[in-house]
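[1] build me a model:
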Amino acid sequence: MVEGGVVNADPSQSRQHNAMIQRNSAALRESLNLFFSRALGIGNIEIKVSVASGYKAAAKLFLSKPEEDFLYADLDDKPENREKWFEKLADDKIVFPAGRDEVVCFWIPEMEAWFLKQPESLELWAKNEHIAIKSGAIIAEDNNIKGKDIEHLQHKPSDIVNTLFSRYFVSSTLDKRGKPKKLVYGKLRHAPGIIACLDAQKMIGQDDELSRFVSMVKNLMAEENGHE
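    Model prediction:
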């Protein structure tokens, strides 16, 4: 189960808007499905990802479904402040029993950190989407990320991704003045395609939480195979 996506339609929005959001949520779910499958690299296991909206809703839903094995959520904090995430939920009477907190994994500080750890994924995504990249641009050399600890950045990774979009990508859509429109990053709109461009096996060595998730799944499989 993952934080993100949209579960229910918004009655204040049009039918067309809700349909688009639902399609994007489904695309996010499918993209994460494929990413985690690539990370595990095991052919005889089926990964089922369900989206659960915001982190509080995701936590509640996860705790109400004991059959769900793992929860993935944005930490929205530095890695050393992991326990504060659970403390915030406890203040709202959402309490994780012993053991279930151990199977919560985090994007630190948020999912877009993956994109910044592999900035080449942004360039590959742009190529796939037929979006031009400014001549000579190398996103990995950007001063927002070059040589930086991505999990301790001053600004939110999603904000930095948005900056990279406007700084390096050239939209094929023109505004009223005949100039390319500014590209604005949207999680549901763009994340599924960028996730598909990530190297999942490489990310295991770049991201401690993903490495922990893969280890837990493989250990769980080994235990189940041992009981057969």
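[2] burial measure for the residue nearest to Lys156 when sequence neighbours are not counted, as a count.
    Nearest residue to Lys156, sequence neighbours excluded (C-beta to C-beta, 6 or more residues apart in numbering): Glu110, at 6.4 Å. Yep, even glycine has a C-beta here, placed from its N, CA and C like the rest. Here the count is done by other C-beta atoms under 10 Å, and Glu110 has 21 residues near it.
[3] and for Glu102?
    That count, for Glu102 with other C-beta under 10 Å as the rule, works out to 11.
[4] next one: Lys148
    Applying other C-beta under 10 Å, we find 14 other residues in the vicinity of Lys148.
[5] pull up the gap between it and His155, please.
    Applying C-beta to C-beta, to the nearest Å, the value for Lys148 to His155 is 10 Å.
[6] what about the strands in the chain?
    Assigned by DSSP state E, the chain shows strands spanning 71-74, 104-107, 132-133, 169-170.
[7] and those strands as JSON lines, adding distance to Pro119 and mean neighbour count?
    Converted to JSON lines, the strands of the chain look like this (distance: least, C-beta to C-beta, whole Å; neighbours: other C-beta atoms under 10 Å):
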{"stretch": "strand 71-74", "distance to Pro119": "20", "mean neighbour count": "23"}
{"stretch": "strand 104-107", "distance to Pro119": "16", "mean neighbour count": "22"}
{"stretch": "strand 132-133", "distance to Pro119": "12", "mean neighbour count": "14"}
{"stretch": "strand 169-170", "distance to Pro119": "13", "mean neighbour count": "18"}
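[8] nearest to Phe86, of the ones you listed?
    For Phe86, the closest of the strands of the chain is strand 104-107, at 7.9 Å, according to C-beta to C-beta.
[9] who does the closest one pair up with?
    strand 71-74 (parallel) (DSSP bridges).
[10] residues contacting the partner strand, please?
    Strand 71-74 is contacted by residues 1-3, 32, 55, 58-59, 62, 85, 103-107, 109-111, 213 when judged by C-beta atoms under 8 Å, 6 or more residues apart in numbering.
[11] now the helices: where do they sit in this protein?
    15-40, 55-64, 82-91, 113-117, 120-128, 157-168, 187-195, 200-206, 208-226 (DSSP state H).
[12] so which of these is the most packed in?
    Comparing the helices of the chain by mean neighbour count (mean count of other C-beta atoms under 10 Å), helix 113-117 ranks first with a mean of 23.
[13] output the contacting helices and strands for that one.
    Secondary-structure packing of helix 113-117 (3 or more C-beta pairs under 8 Å, 6 or more residues apart in numbering; DSSP states H and E): helix 120-128, helix 157-168, helix 200-206.
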